[in-house]
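Colleague: What follows is a predicted protein model with its sequence.
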Amino acid sequence: MLHRPNTAREAIGRWPGILQALGIDEKHLRNKHGPCPHCGGKDRFRFDDKDGRGTWFCSQCGSGDGFALLRNLHGWEFSKAAKEVDAVLGTIQAGPVKAERSEESKLKALRNVWSQSRAVTRGDPVWRYLNARVGIEDVPADLRFHPALRYRDNDGKDLGVFPAMVARLRDPAGNGVSIHRTYLTDAGTKAPVGQVKKIMPGKPLNQAAVRLSDVGTHLGIAEGIETALAAFSRFGVPTWAATTAQLLEDWVPPAGVERVLIAGDNDNSFTGQAAAFALAKRLTLAGLTVEVRIPESDGKDWADR
Ligand SMILES: [Zn+2]
């Protein structure tokens, strides 16, 4: 991670206090669904504070740790967030830390889901879903079809199994770190569940993406899988999917990439645009040739038609 290691380590177990001290109302800091402190709504947000790292997720903003929440909310850079956390740390008592699942059990679950999935074939629910959304015929190999993937809601309640699109998230070196799931119906529409898209617990996700093509010197990056596939057909540049705004902002292209097309989302909250331009700024400063495309209509991504 890019946070200063001491701040991150010392903040463990103190996030409820830190976040309150930095302007987040206590009502958001519960392991229960409620409005998101950043984008509002009614029950899209939950603060689960895994491993005492201040973790949370929001079905609109994505997920992250305490630093990510502060960055989202206040528009702070990493360094600014670390500085603000440093400034309040000393006054806050550490609470008990809830242990996350073991590394081994998470990796086992990832291997199981991947081995139960198969290549997408014409007419299966994943093919129908992608064909209807973005018109493609041939589906990249890192997108697969799982015939019966279990869905648990965020409180752990089992809602049964659904067909699903599973997508491998890889780090910049190409190693698998987790799996992104899109729950579907047999007809290839979105499943009737609270959160259609979810990422499995796995290895740290920062800098990961779903690779929808081979590595080339000119690569595109978008937030959603559907958006990336639509951007590829629209702009003719093979485009990968970061899957969330936060991962888009943090994305690191693999070695060999010289030119990047960022196919951003036009969010009414400006979350997608902010992530796209933050990434553009970082990659430009790193010496890459960067181009940003954002759809002109409010609230649209490149897969909306
Ligand atoms: Zn949110």
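Modeller: That came in fine, so what should we check first?

Colleague: hey, let's count contacts and neighbours off CA atoms from now on
Modeller: Will do.

Colleague: for the nearest residue to T227 once chain neighbours are set aside, what are its contacts?
Modeller: Nearest non-adjacent residue to T227, counting by C-alpha to C-alpha, 6 or more residues apart in numbering: A303, 4.7 Å away. Residues near A303 by C-alpha atoms under 8 Å, 6 or more residues apart in numbering: 133-134, 226-231.

Colleague: Which members of the residues you listed additionally contact the ion?
Modeller: With C-alpha under 5 Å from the ion as the criterion, no member of the contacts of A303 is in contact with the ion.

Colleague: Ramachandran coordinates for the residue nearest in space to the middle of the chain?
Modeller: Nearest residue to the geometric centre of the chain (C-alpha atoms, centre = their mean): T244, 3.1 Å. Main-chain dihedrals, T244, degrees, to the nearest 10: phi -140, psi 160.

Colleague: Tell me if I'm right that it and E223 touch.
Modeller: Yes. Between T244 and E223 there is a contact under C-alpha atoms under 8 Å: 5.5 Å.

Colleague: Show me the shaky parts of the stretch 151-300 of the chain.
Modeller: When residues are selected by pLDDT under 70, those of the stretch 151-300 of the chain lie in 155.

Colleague: Contacts only, for A230.
Modeller: 134, 302-303.

Colleague: check contacts around M200.
Modeller: 110, 178-181.

Colleague: now whatever residue of the stretch 51-200 of the chain ends up closest to the ion: how far from I179?
Modeller: Nearest residue of the stretch 51-200 of the chain to the ion (C-alpha to the ion) works out as C61 at 4.2 Å. When C-alpha to C-alpha, to the nearest Å is applied, the distance between C61 and I179 equals 18 Å.

Colleague: Show the model's pLDDT score for the residue nearest to T227.
Modeller: You'll see A303 listed with a pLDDT of 86.

Colleague: How is it assigned, secondary-structure-wise?
Modeller: coil (DSSP: H, G, I helix; E, B strand; the rest coil).

Colleague: hey, what's the residue lying closest to I225 once chain neighbours are set aside bridged with?
Modeller: Distances taken as C-alpha to C-alpha, 6+ apart place A241 nearest to I225, at 5.0 Å, with adjacent residues excluded. Beta-bridge partners recorded for A241 (DSSP bridges): V210, A222.

Colleague: Please give me every residue in contact with A241.
Modeller: 209-212, 221-225, 227-228, 248.

Colleague: if you set the cut-off to 10 Å instead, what comes out?
Modeller: Residues in contact with A241 (C-alpha atoms under 10 Å, 6 or more residues apart in numbering) are 167, 169, 208-212, 220-229, 247-248, 251, 263.
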